[in-house]
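A.B. asks: what's the 3D shape of this:
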Amino acid sequence: MPRARLVSAAGAAIANPDLAYEPSHAVASWLGEITRKLRHWLSGSAADEWARDPRDWKILVGIGNPGAQYACTRHNLGFSVVDETARLMGVAFSESSMVHAAIAHGTLEGRPLLLVKPLTFVNRSGPVLQTLREKTGVALADLLVAVDDLALAPGRIRLRAGGSAGGHNGLSSIEASLGTDRYPRLRLGIGGAGAEPIPKYVLAPVPDAERPAVNAAVERAVEAVRSWLRLDLQQAMAAVNAPDPEHPPPDLDHPQIAE
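C.D. replies: Presented below is the predicted three-dimensional model:
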């Protein structure tokens, strides 16, 4: 090729890079997806401001199932605690593009707090917490999981530093993803299933007769969250787990007990 034509072609390629390289459809699609994700990361959404904020977050995760059909079920008491905490803080949830969850954030008791509702359904809650730890570097002690518990009577709550999953699939998923069961959890009683199959029991709406006790437990759970933010874990446990004469301890021989 004559030198003049070669220079001309090179100049055209510099002015219009598409003339210099035409990627395959698959490569072009991949590059487009990478570009889209990079632009989203740089510009971000309201739900993902936390990922670019250098503050030392505390994270409250509620375990539950997404969807209106599950909103009032026993299995969604963890969501109820997070929702009530958000109401107290005056913040709203948005769906994150970085983790499969609805997230709100703000400050409570002078501490930056992330509120998280996984959208993966209960049995696959673990990967959400794993991603959150990767994004924030949060210590396990600064991660609190609110969850329903068959081993406690309706109206009872317990704050624990760790322990077994006790047959709860959401906690089993979290333990598998984090590689440990030594993370704090806030347990809200839903009572034993008796002869009823457990999946049917936990996915049933809270009965009217139990609703006042359960609502009161959610309110106390929000206060427990505030204690967890304000105090060290042992002090918070002592305050939250103090004997409550209106709600005596459950039968310790119950097969679902997981202290």
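A.B. asks: which residue packs closest to residue 172, ignoring adjacent ones?
C.D. replies: Counting by Cβ to Cβ, 6 or more residues apart in numbering, residue 165 is the residue found nearest to residue 172 once chain neighbours are left out, at 4.3 Å. All C-beta atoms are positioned from the backbone trio N, CA, C, and that covers glycine.
A.B. asks: isn't the one you found right up against residue 180?
C.D. replies: No - the criterion here is Cβ atoms under 8 Å, and residue 165 misses it with residue 180 at 11.7 Å.
A.B. asks: more neighbours: which of these two?
C.D. replies: Higher neighbour count among residue 165 and residue 180: residue 165, with 17 against 11, using other Cβ atoms under 10 Å.
A.B. asks: quick check: the more buried one is in a strand.
C.D. replies: No - assessed with DSSP: H, G, I helix; E, B strand; the rest coil, residue 165 is coil; it does not lie in a strand.
A.B. asks: helices of the stretch 51-200 of the chain, residue ranges please.
C.D. replies: 77-89, 126-136, 169-178, 198-202 (DSSP state H, counting those that start in this stretch).
A.B. asks: export the first one as CSV, just CAs?
C.D. replies: So the one you mean is helix 77-89. C-alpha atoms of helix 77-89 as CSV (Å, rounded to 0.1, in the frame of the first residue of the first chain):
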residue,chain,number,x,y,z
LEU,A,77,-40.9,-11.1,61.2
GLY,A,78,-37.3,-10.3,60.3
PHE,A,79,-38.5,-8.0,57.5
SER,A,80,-41.0,-6.4,60.0
VAL,A,81,-38.2,-5.4,62.3
VAL,A,82,-36.2,-3.9,59.5
ASP,A,83,-39.3,-2.1,58.1
GLU,A,84,-40.1,-0.6,61.6
THR,A,85,-36.5,0.5,62.0
ALA,A,86,-36.6,2.2,58.6
ARG,A,87,-39.9,4.0,59.7
LEU,A,88,-38.2,5.2,62.9
MET,A,89,-35.2,6.5,60.9
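A.B. asks: helices and strands around it, which ones?
C.D. replies: If contacts are counted by 3 or more Cβ pairs under 8 Å, 6 or more residues apart in numbering; DSSP states H and E, helix 77-89 sits against strand 58-62, strand 101-108, strand 111-118, strand 143-149, strand 185-189, helix 211-230.
A.B. asks: ok, and the closest non-adjacent residue to residue 55?
C.D. replies: Here the residue nearest residue 55, using Cβ to Cβ, 6+ apart, is residue 112, at 4.4 Å.
A.B. asks: equivalent analysis for residue 72, please.
C.D. replies: residue 205 (4.6 Å).
A.B. asks: and the residue nearest to residue 172, how far is that from residue 158?
C.D. replies: Residue 165 sits at a distance of 15 Å from residue 158 (criterion: Cβ to Cβ, to the nearest Å).
A.B. asks: mind checking the SS state of residue 208?
C.D. replies: Three-state assignment for residue 208 (three-state DSSP): coil.
A.B. asks: ok, now how distant is it from residue 72?
C.D. replies: Counting by Cβ to Cβ, the gap from residue 208 to residue 72 is 11 Å.
A.B. asks: ok so, going back, which residues touch the residue nearest to residue 172?
C.D. replies: Shown in contact with residue 165 (Cβ atoms under 8 Å, 6 or more residues apart in numbering): 171, 172, 174, 175, 181, 258.
A.B. asks: dump the residue contacts of the residue lying closest to the fifth one once chain neighbours are set aside.
C.D. replies: Looking back up the chat, that one is residue 181. Nearest residue to residue 181 in three dimensions, chain neighbours excluded: residue 175, at 4.8 Å (Cβ to Cβ, 6+ apart). When contacts are counted by Cβ under 8 Å, 6+ apart, residue 175 touches 126, 165, 181.
A.B. asks: 10 Å - rerun?
C.D. replies: 126, 129, 162, 163, 164, 165, 168, 181, 182, 183 (Cβ atoms under 10 Å, 6 or more residues apart in numbering).
A.B. asks: pull out the buried members of the residues you listed.
C.D. replies: 126, 129, 163, 165, 168, 181, 183 (16 or more other Cβ atoms under 10 Å).
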